[in-house]
Structures are given as C-alpha cells and as structure tokens.
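In: pasting a predicted model and its sequence here:
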Amino acid sequence: TWWSATYALFWLGTPGPTPFFWLDVTYIGVVIVPAALLAFSLEFTGREARLTRGLILFLAIEPVVTLALLWTDPWHGLFFGAQRSATSGAILTGGP
C-alpha cells in the first residue's frame, strides 16, 4: 500500500519538499518488501524458529544501505546516474 500510494503521489505531481520527494519516499516500501516476504514465508510455513534476531538484523542491512545511497545520491550519483530533472518526473536514468 505504501509503495503504491507514494508512487501514485509522485506521478500525480503532488508537491513535496523536493521535486522527487515522493519517489524517494516510495523506496521505503520498495526495500522492505523482500525481507518482509521472507519473514512472512517463514512464519506461514511454520519455520519461525529460523527467524532469529540475527537474521532480522542481517536482512535490515540491505534496506538501510539502499536508502542511505538513495538519500545521499545528489552528492555521489550512484543511485541515479544522471541529474534528475525537476521539470519532469517522468525521466530518470539508471546509475553508473
């Protein structure tokens, strides 16, 4: 829901503090989905004993690193390679 709602706000052109605010906020939902799906699968199949605190912390590393790279992208350009245009939210290019 988070992913869809914030992505829709981005494409609708809803104003935010920065031109790409809603796109950046969308990634919070994007990076949580893989770890959440694994946790759900382990619970659903009765293997919740494998879902230890260490595994949860390990699974949290990738989302935290991804969000840090996204939010600091204006300084290093590793997430989006080209400068993002503030006039059109539809044009994005991949990183390096």
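Out: The structure has been received and is ready for your questions. Fair warning: this is a prediction, and the values are worked out from it, not measured in the lab.
In: ranges for the strands of this structure?
Out: Assigned by DSSP state E, the chain shows no strands.
In: quick check: the most centrally placed residue in it vs P74, distance?
Out: For the chain, the residue nearest the mean C-alpha position is Y27 (2.1 Å; Cα atoms, centre = their mean). In this structure, Y27 and P74 are 15 Å apart, going by Cβ to Cβ, to the nearest Å. Where C-beta positions appear, they are placed from N, C-alpha and C, glycine not excepted.
In: how about S4?
Out: S4 is 26 Å from P74, where distance means Cβ to Cβ.
In: list the contacts of the residue lying farthest from the centre of the chain.
Out: Centroid-distance maximum for the chain: G46 at 28.4 Å, with Cα atoms, centre = their mean. Listed by Cβ atoms under 8 Å, 6 or more residues apart in numbering, G46 has no contact partners.
In: quick check, pLDDT for P15.
Out: The model reports P15 with a pLDDT of 82.
In: for T93, same thing?
Out: 60.
In: and the longest helix seen in the chain, what does it pack onto?
Out: Across the chain, the longest stretch assigned as helix under DSSP state H is helix 21-44. Judged by 3 or more Cβ pairs under 8 Å, 6 or more residues apart in numbering; DSSP states H and E, the packing partners of helix 21-44 are helix 2-12, helix 53-71.
In: point out the most buried one among these.
Out: Highest mean neighbour count among these (mean count of other Cβ atoms under 10 Å): helix 2-12, with a mean of 14.
In: other SSEs contacting that one?
Out: If contacts are counted by 3+ Cβ pairs under 8 Å, 6+ apart, helix 2-12 sits against helix 21-44.
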